[in-house]
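Undergrad: below are the sequence and a predicted model; questions follow.
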Amino acid sequence: MSSARSAHTFVAIDFETANRYPNSACAIGLVRVENRRIVAKREHLIRPPFRTFEFTSIHGITWEQVADAMTFGQLWPSIHAFVAGAQFLAAHNAPFDRGVLRACCAWYDVQPPDVPFACSCRLARRTWSLPRYNLATVASHLGIGLRHHDALSDAEACAGIILAGYANLELEA
């Protein structure tokens, strides 16, 4: 994995959160794409700052599963190295994942990456005529396998959507 900026280098990112607080990340999936090829994948459980889990019924993650995991602050050096050199980050519903990333960085007093985001949901709306644009519908349309609300699977699906619609890609600050 090269840390130099190269053409078509991006990282798809997906967070699962424990509760309604944006700094409550309990899982992260990361997929690095260089020159339109997936070159690396990472997935981590994260111990959020609070024990309150409201969304276990969605993603299946419990406090007991993350109690001994690293915090976002402890994982940050590894995450930061993984995204180094990326031209942009991508997420399906980018405002959510960008908000979680910023909130976690603020909570642990680390600087978030200074790169724009691409939203695979918005890209799908510009590219295909579908009945809905949620991750499951778009992934199914493109024949991308998905275990929805599994952070790595969601990030892989996002990367696949970005690659499939790359011609219509627009970056957001």
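TA: It's in.

Undergrad: and the helices in the protein, which stretches?
TA: Under the criterion DSSP state H, the chain contains helices at 56-59, 63-66, 72-83, 94-107, 120-127, 135-142, 151-164.

Undergrad: run the angle between the third one and helix 94-107 for me.
TA: Going back to what we said before, that points to helix 72-83. 120 degrees (axes from the mean of the first three to the mean of the last three Cα atoms, to 10 degrees).

Undergrad: now helix 72-83: buried residues?
TA: By 16 or more other Cβ atoms under 10 Å, the buried positions in helix 72-83 come out as 72-73, 75-76, 79, 82-83. To be clear about C-beta, it is placed using only N, CA and C from the backbone, and glycine gets the same treatment.

Undergrad: pull the contacting residues for residue 164.
TA: By Cβ atoms under 8 Å, 6 or more residues apart in numbering, the contact set of residue 164 is 127, 142.

Undergrad: ok, the buried residues of helix 72-83 vs residue 103, which is closest?
TA: residue 72 (9.4 Å; Cβ to Cβ).

Undergrad: in TSV, list the buried residues of helix 72-83 along with distance to residue 8.
TA: Listed next are the buried residues of helix 72-83 as TSV, based on distance: Cβ to Cβ, whole Å:
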residue	distance to residue 8
72	28
73	31
75	26
76	25
79	21
82	17
83	15
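
Undergrad: let's have those in JSON lines, adding pLDDT and distance to residue 124.
TA: Output for these, formatted as JSON lines (pLDDT from 0 to 100; distance: Cβ to Cβ, whole Å):
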{"residue": "72", "pLDDT": "98", "distance to residue 124": "28"}
{"residue": "73", "pLDDT": "98", "distance to residue 124": "33"}
{"residue": "75", "pLDDT": "98", "distance to residue 124": "29"}
{"residue": "76", "pLDDT": "98", "distance to residue 124": "30"}
{"residue": "79", "pLDDT": "98", "distance to residue 124": "26"}
{"residue": "82", "pLDDT": "98", "distance to residue 124": "25"}
{"residue": "83", "pLDDT": "97", "distance to residue 124": "23"}
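
Undergrad: what's the closest of those to residue 16?
TA: residue 72 (12.4 Å).
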